[in-house]
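1. give me the fold of what follows.
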Amino acid sequence: MAESQIKTYLSKFSNNSEDYFKSWPAKQYFDDESGIIAYGEAHDVRVIVADPICNDMPSRINLLNTFMSQSHLDKKLVVACDIPESSTGIYTSNSLEVMQIGATAIIDVQKCVQSTLHSKNFRNVRNRFNKNSYSSEFFEPPHSPELLNELRAVSDSWLSLPGREERTFLLGYFDDSYLQDCRIFAVKNQSGHIEAFVNIVPVYRPDLDVTIDLMRHKTNASHQVMDYLFLELIEYLASIGQKHFDLGLAPFSHIDHPNNIPEHAVKILHALHAPWFDYAGLEQFKNKFDPEWKPVYFAWSGNLLDFPRIEQALNQLITYKL
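-> Sure thing, here's the model as predicted:
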């Protein structure tokens, strides 16, 4: 299926801030007259990037039903990743099991600016960085080779930290062509050099929430540089009238009885979100901005004996390869 055709469907029917990742990195596609499903395949498991791209909920349910029937004929398991709570019915209607894998942090931008960012912690952060002549800057594409080289140096520094590695399929990795599609928000030190940056994921509709993908800083960056970056970014978003900012998923967060998650489910979560990551620290960082937490789910067909194969498939698809 041509990239232009995929983007046409997304322009018409996109309802998720991360729908960009249905077209990049490269996916396989299943389609009928109502829409498209973006997925990857490994170890006879088809991994859907939720949700089906269709006009309405009945069309998404029906398209998934057709996809499930074809996958059954092909003797493939089906799983779906990063499902919002409002969409779980698409999957349960097609006899898939669902489990919560964490929650995403949604910031009310105006409320955050008017209240949260006036806390003592953020006042101290702002004063310290301003005193040290730090600044922030928003970069619109196209980006110069010089900027991309400086961002890559920051990214390479971050990747040198123990356990850090690129991931793909459900999210982006550092790639010049990808970043040329993105707006960049960066923090510069007193010498004018970038110490930290995030990229804004492109969206297909202007009313969708702003969200980010790469969050990277130099290993020798100033303490709390990411606090300062997000403080400045949220204030910038408020100045342009943005209502909500999706700060992204915190795996394992806001799950009822997290200590009782079965071992097979924990392995799936680690395959999706890297076993080395400090999940508790990520949730703690995002809580600084007083977000509303919205549950995120994973769906699967098959039974418990299929989980090792599902884990293998996720690891193969999500592991970045040069």
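2. doesn't Ser87 fall inside a strand?
-> No - with DSSP: H, G, I helix; E, B strand; the rest coil as the criterion, Ser87 is helix rather than part of a strand.
3. how about it, what does it touch?
-> Ala50, Asp51, Arg60 (Cβ atoms under 8 Å, 6 or more residues apart in numbering). For every residue, glycine as well, the C-beta is placed using N, CA and C.
4. restricted to helices, list those residues.
-> Here DSSP state H is the test, and these give Arg60 as lying in helices.
5. can you select the buried ones from the contacts of Ser87 in ChimeraX?
-> Selecting just the buried residues from these in ChimeraX takes one command, with 16 or more other Cβ atoms under 10 Å as the test:
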select :50,51,60
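6. out of the contacts of Ser87, flag the one nearest to Val198.
-> Closest approach between the contacts of Ser87 and Val198, by Cβ to Cβ: Ala50, at 23.2 Å.
7. residues contacting that closest one?
-> Ala50 is in contact with Asn16, Ala80, Cys81, Asp82, Ile83, Pro84, Ser87, Ala299, counting by Cβ under 8 Å, 6+ apart.
8. let's see the helix or strand containing the third one as CSV, backbone CA atoms only.
-> Cys81 is located in strand 77-84, with elements delineated by DSSP states H and E. Taking only C-alpha atoms (Å, rounded to 0.1, in the frame of the first residue of the first chain), the coordinates of strand 77-84 have been written out as CSV:
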residue,chain,number,x,y,z
LEU,A,77,-2.0,-15.0,16.7
VAL,A,78,-3.2,-11.4,17.0
VAL,A,79,-2.2,-8.9,19.7
ALA,A,80,-2.7,-5.1,19.9
CYS,A,81,-0.6,-2.5,21.8
ASP,A,82,-1.2,0.8,23.5
ILE,A,83,-5.0,0.7,23.5
PRO,A,84,-6.9,3.6,25.1
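9. can you give me the buried ones in it?
-> Across strand 77-84, burial judged by 16+ other Cβ under 10 Å covers Leu77, Val78, Val79, Ala80, Cys81, Asp82, Ile83.
10. which other residues reach it?
-> With contact meaning Cβ under 8 Å, 6+ apart, strand 77-84 is reached by 16, 18, 44-51, 67-68, 71, 90-91, 96, 98, 101, 170, 249, 272, 294-302, 306, 309-310, 313-314.
11. correct me, but Asn65 touches Asn94?
-> Yes - the pair Asn65 / Asn94 is scored as a contact, 5.4 Å apart, by Cβ atoms under 8 Å.
12. more crowded one of these two?
-> A side-by-side neighbour count of Asn65 and Asn94, using other Cβ atoms under 10 Å, places Asn94 first with 21 against 14.
13. how about the secondary structure of the nearest residue in space to Asp19 that is not next to it in sequence?
-> Nearest non-adjacent residue to Asp19, counting by Cβ to Cβ, 6 or more residues apart in numbering: Leu10, 5.5 Å away. In the three-state summary, Leu10 is assigned as helix, counting by three-state DSSP.
14. what distance do you get for Leu10 to Ile37?
-> If you measure Leu10 against Ile37 using Cβ to Cβ, to the nearest Å, the figure is 13 Å.
15. how about Ile234?
-> Ile234 is 34 Å from Ile37, where distance means Cβ to Cβ.
16. do the same with Glu85
-> 20 Å.
17. count of neighbours near Tyr320?
-> A count of neighbours around Tyr320, defined by other Cβ under 10 Å, yields 14.
18. where does it land on pLDDT?
-> With respect to pLDDT, Tyr320 scores 84.
19. once you drop chain neighbours, what's closest to it?
-> Spatially, and ignoring its direct neighbours in sequence, Tyr320 is nearest to Glu166 (3.7 Å; Cβ to Cβ, 6+ apart).
20. list the residues that contact His193.
-> Listed by Cβ under 8 Å, 6+ apart, the contact partners of His193 are Glu150.
21. double-check Asp227 against Val125; I have them as touching.
-> Yes - here Asp227 reaches Val125: they are 4.9 Å apart, a contact under Cβ under 8 Å.
22. need the max-distance pair from the buried residues of strand 77-84.
-> Checking the buried residues of strand 77-84 against each other with Cβ to Cβ, the farthest-apart pair comes out as Leu77 and Asp82, at 17.6 Å.
23. now whichever strand or helix holds Gln312: buried residues?
-> Secondary-structure element containing Gln312, defined by DSSP H and E: helix 307-318. Of the residues in helix 307-318, those scored as buried under the neighbour-count criterion (16+ other Cβ under 10 Å) are Phe307, Ile310, Glu311, Ala313, Leu314, Gln316, Leu317, Ile318.
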